[in-house]
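>>> Fold the stuff below for me.
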Amino acid sequence: MASSESKIEPTLTTLLNVRRGAEAIDFYTRAFGATTLSRIDAPDGSVVAQLSTGGGIFWVADESPAHQNFSPEHLGGSTMRMILITDDPHAAFDRAIAAGASSISPVKDESYGWRIGRVVDPFGHHWEIGKPLAGH
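Next up, the predicted model:
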C-alpha cells in the first residue's frame, strides 16, 4: 500500500536561541535581508520563526531554560558561529553593523583563501561574513 505522505530528504539547519525573539527577527531582517517563512507568537510573548537569507534557512526562538534551550546571553557566550557567504562581504558586514551588530574582525583577505569578517549580533551570536577568493 502506497503512502500518501511525501518523503522528506534529510536537511541540516540551525535554531538560534535568543532573548527578545521578536527583536531578533527584526534585526536579522535588517542586518542580513532575512525573510520570515513562518512565525508563531505565543500568548506569553515568546516567538519561534523560520527565516531565510540567500539560499539558507535558519530558525529563531526565544530561549527556554525549562527545555535546556539557552541564549548566548544566558551562557555568557556562544557555542557556535553562523557563516554567511555572500558575493559582497564588505556591504553585508556594513549592513550588519548599521543594524546594530558589533565588529569582532573587519572584512579582509585571509591567507587561507577567504575574504571574511566577523560580527556579533545584539543577541550574542557570532556571524562570519565572507566568500572564498578566486583560485581557492
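
>>> Could you use CA atoms for every contact and neighbour count after this?
Will do.

>>> The residue most central in space within the chain - nearest residue in space that isn't next to it in sequence?
Per Cα atoms, centre = their mean, the C-alpha nearest to the average position across the chain is that of Met82, at 5.7 Å. In this structure, Met82 finds its nearest non-sequential neighbour in Trp127, 4.7 Å apart by Cα to Cα, 6 or more residues apart in numbering.

>>> Same check on Ala96?
Nearest non-adjacent residue to Ala96, counting by Cα to Cα, 6+ apart: Ala31, 4.2 Å away.

>>> Which helix or which strand is home to that neighbour?
helix 21-32 (DSSP states H and E).

>>> Let me see the mean pLDDT of that helix.
For helix 21-32, mean pLDDT rounds to 97.

>>> about what we covered before: which residues are in contact with the residue nearest to Met82?
When contacts are counted by Cα atoms under 8 Å, 6 or more residues apart in numbering, Trp127 touches 81-84, 118-121.

>>> Apply the buried test to the residues you listed and list what passes.
Buried subset of the contacts of Trp127 (neighbour count, 16 or more other Cα atoms under 10 Å): 82, 84, 118-121.

>>> Nothing else from me, thank you.
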